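Asks: When you get a sec, could you give me coordinates for this:
(chains A and B)
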Amino acid sequence: MSVELLNFFETFLNGLMAGVMYSLVALGFVLIFKASGIFNFAQGVMALFAALTLVGFMTGQVPFSHLINAIFGTELHNWGAGLPAFLAILLTMVVMVALAFLIEKLVLKHLVNQEPIILFMATIGLAYFLEGLGDLMWGSDVKTLDVGLPSGGSFWWEDVTRTWAAQGAEYYGMYIDLLDVSAALIAVVLVIALSLFSQYTATGRALRAVADDHQAALSVGISLRRIWVIVWSIAGFVALVAGIMWGSKSGVQFSLSLIALKALPVLILGGFTSIPGAIVGGLIIGVGEKLAEAYIGPMVGGAIENWFAYVLALAFLLFRPQGLFGDRIIERI
Amino acid sequence: MKLKKFAIAGAIAAALSASVSVVPASAELVFPSLSYRTGPYAPNGIPFADGYSDYFTLINERDGGVGGVKISNPECETGYNTEKGVECYESTKGEGSGALIYQPLSTGITYQLIPKVTADGIPLHSMAYGRTSAMNGKVFNWVFNYPANYWDGATIAVQHAKDMSGGDLNGKTIALVYHNSAYGKEPIRTLEEKAKSEGFKLTLIPVDHPGQEQKSQWLQIRRERPDFVFMWGWGVMNAVAIQEAANIRYPMDHFIGIWWSGAEQDVLPAGDGANGYKSLNFTYVGKDKPVFADIQKYVVDAGKAAGDGSNIGTVQYNRGMYAAMLAVEAARKAQEMSGTMDINAAQMRDGMENLNVDAARLEELGMAGFGPAVSVSCANHGGSGEALVQQWDAGAKQWKAITEFMPADRELVTRLAMEDSEAFAKENNITPRECK
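Replies: Purely as a prediction, here's the structure:
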């Protein structure tokens, strides 16, 4: 094969991998929107908050230590050497469930039957609150996150693909980041688990019932408030996975909350109510923006992938306003 | 008779109030801090703001202020947001007897403040950031960017690459990975000029804000294999770029960042992969200087530190200290020149234009070798334009200076700065002032 063609495949493959990373963020949005009709503006901040909490547990940091030290003049920083990654992930999940419970208790419960825009505004407030709380609890310095996932380019893949180039051509093999491969595998497991949960468990079926029709679900005795706690907990878990993946790449820092911006075009394209849509949408956006950056970027000065993702999503919207996998909007007049 | 008594009392009251206005009891030097302790750029903003504040606290606690006048350092949170930065400027410029200097640590805020400080007559010191051509004091009367600017940085990075290549860059390729903003684009013109004169090929690789995802850029670098990669990044962009460079196994000692891409938080997330990465710097890193013993004694141990003390000696903390020291020295010079301790913003500007912090003065301050010698004049607001190259040692988790302070190609930088500033003057109907 020619080096140009191999480069094209390499860009395509890395686009798919980047798309999986976007899908991980988009999934959290879809879960909450499906079950409650709320566009959760705080999803990116939830990923940040989860990652901060995880690092806090792993490093043995005392939460609110800055505040405690400032008020009481103490020198508290760490309570010990920290927890192993697995235990820290479990404890972080407990925190995310507690957070879901508090969100339902303090925010959502009071906004039942309100307009979607009111609920959306509440999540904007929640985003600012969580960002401030994360800062207060864990500090705003950059934190290194290592849960033992492999990272860096794969030597094996480079060696295999190097032989694909035409003889005599200068080719270094195809690049793929092992962290991205891990993210792809985790995303696959996550989607299968979510599908099984919603198909084969009573809670999952209740979740789908609420998603289909709140009133009907309530009339058959499904507790809306319980379902909201569950769905926000699952979204918290997805946020934790996204936080681990993105935090392993760049360290855990407050710009992590901006990954939500990467999920928006995925949602526009894939639809707000479809889990497969979040995955396929992510893949299309990932591949589209990477190919655009590589082949159109040089003609227009580069750095086009951020806005190109939105252009791509809007182009799809022209033909399918509900997104690729979104529910068809039928209105009778 | 009554009228006479009333007139005498009035005269006494007027005399008293006049004497108070000459030497006000509550006189202070107002150095506002436009800081960012929240948001995505807080990891850089916090240590800088801590260093800036702690140095002023040291001067107040140890020396009783500058010439006996205490420093006031009101802080305003900008979140690295340009609009908030302008609001902070407006809300702090009238503090006390009036702000004497602004150092916003943001190129975006600097650009917005240039016309405002010019109209208000308050000095703006964008230390090694902001508008490069502001080094021309004849056009930018109130703006300073000493000790070095981005174009100085670009020529120093090229010089270092040249030194590494046996003194010849002919036929080599240098890729510039830059934040796709006014800041990131600053060195392009200079590097294009250097590419012509040195014979290397320049590849431009922009990264959009915030820079969390850079796969495309590093795939391009992996394919094209440039001999050197320069980086003009900020915030998360730096950490991601260094991680991606390590992932594609780019030789890290050929990867050189500007001084804003060379703090601890930029390299730590990449772990051992960041070993050997280089960046420019214009300040000392570490805390093995007498001034730090004083900071510990008068500021930290006294419970008056801005932070918890964990940042002391880091890149951004020391830079904040250095910025504060330059402001204090300028105020000292202004007091000496004007013969009054209670200086105003115009006198502060005069002090800055006559600032001379040489090696001997740094030693007196307990900061020997902390930065390059700084000499400013009415025409040259850019200082000497020197910087050193530091390299990250991932094992020891610290930066190590690997060169002395190196001079920039000031002939080129001055020529380009004159062209740019003269064009600015023409566009804005500014008549360059005469400097003796």
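Asks: Tell me which stretches of chain A form helices.
Replies: Secondary structure of chain A (DSSP state H): helices at A:3-36, A:43-59, A:65-72, A:85-106, A:116-138, A:155-162, A:178-200, A:202-212, A:214-219, A:224-250, A:260-270, A:275-295, A:297-300, A:305-319.
Asks: so does stretch A:259-273 get close to chain B?
Replies: Yes - residues of stretch A:259-273 contacting chain B under C-beta under 8 Å from any C-beta of the partner chain: A:259, A:262. Quick note: C-beta positions are derived from backbone N, CA and C, even for glycine.
Asks: In space, what's closest to residue 232 - neighbours in sequence excluded?
Replies: I went with chain A, as the question did not name one. residue A:100 (3.5 Å; C-beta to C-beta, 6 or more residues apart in numbering or on different chains).
Asks: wrong chain, I was asking about chain B
Replies: residue B:178 (4.2 Å).
Asks: List the strands paired with the strand or helix carrying the one you found, with their directions.
Replies: Taking DSSP states H and E as the definition, one finds residue B:178 inside strand B:173-179. Partners of strand B:173-179 in the sheet, by DSSP bridges, are strand B:201-207 (parallel), strand B:228-232 (parallel).
Asks: burial of residue A:110, as a residue count?
Replies: 9 (other C-beta atoms under 10 Å in any protein chain shown).
Asks: What count of nearby residues applies to residue 117?
Replies: This is for chain A. Using other C-beta under 10 Å, residue A:117 is surrounded by 9 other residues.
Asks: I was thinking of chain B, sorry if that wasn't clear
Replies: By other C-beta under 10 Å, 23 other residues sit near residue B:117.
Asks: Likewise for residue B:324?
Replies: 25.
Asks: what separates it from residue B:27, distance-wise?
Replies: Distance, residue B:324 to residue B:27, using C-beta to C-beta, to the nearest Å: 19 Å.
Asks: With residue A:78 instead?
Replies: Note on residue A:78: its distance to residue B:27, by C-beta to C-beta, is 45 Å.
Asks: Comparing the two, which residue is more hemmed in?
Replies: Neighbour count, other C-beta under 10 Å: between residue A:78 and residue B:27, residue B:27 has more, with 16 against 12.
Asks: thinking again about what came up before, between the helices of chain A, which one is closest to residue B:151.
Replies: In terms of C-beta to C-beta, the element of these nearest to residue B:151 is helix A:297-300, at 25.4 Å.
Asks: tell me the mean pLDDT for that closest one?
Replies: Mean per-residue pLDDT for helix A:297-300: 90.
Asks: chain center to that helix, what's the gap?
Replies: With C-alpha atoms, centre = their mean, to the nearest Å as the basis, helix A:297-300 stands 29 Å off its chain's centre.
Asks: Show me which positions of it end up buried.
Replies: Neighbour-count burial for helix A:297-300, counted by 16 or more other C-beta atoms under 10 Å in any protein chain shown, picks out residue A:297.
Asks: In terms of secondary structure, what does it contact?
Replies: Here helix A:297-300 touches no other helix or strand, going by 3 or more C-beta pairs under 8 Å, 6 or more residues apart in numbering or on different chains; DSSP states H and E.
Asks: any residues touching that helix, and which ones?
Replies: By C-beta atoms under 8 Å, 6 or more residues apart in numbering or on different chains, the surrounding residues in contact with helix A:297-300 are A:303-305, B:216.
Asks: Same check on stretch B:287-300?
Replies: With C-beta under 8 Å, 6+ apart, stretch B:287-300 has contacts from B:54-55, B:57-58, B:61-62, B:304-305, B:309, B:312-313, B:321, B:365-368, B:370.
Asks: 7 Å instead?
Replies: Residues outside stretch B:287-300 that contact it (C-beta atoms under 7 Å, 6 or more residues apart in numbering or on different chains): B:54, B:57-58, B:61-62, B:305, B:309, B:312-313, B:365-368, B:370.
Asks: Derive a PyMOL selection command for the buried subset of these.
Replies: PyMOL command restricting the contacts of stretch B:287-300 to the buried ones, with burial defined by 16+ other C-beta under 10 Å:
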select buried, chain B and resi 54+57+58+61+305+309+312+313+365+367+370
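Asks: So residue B:76: helix, strand or coil?
Replies: Here residue B:76 is strand, with the state taken from DSSP: H, G, I helix; E, B strand; the rest coil.
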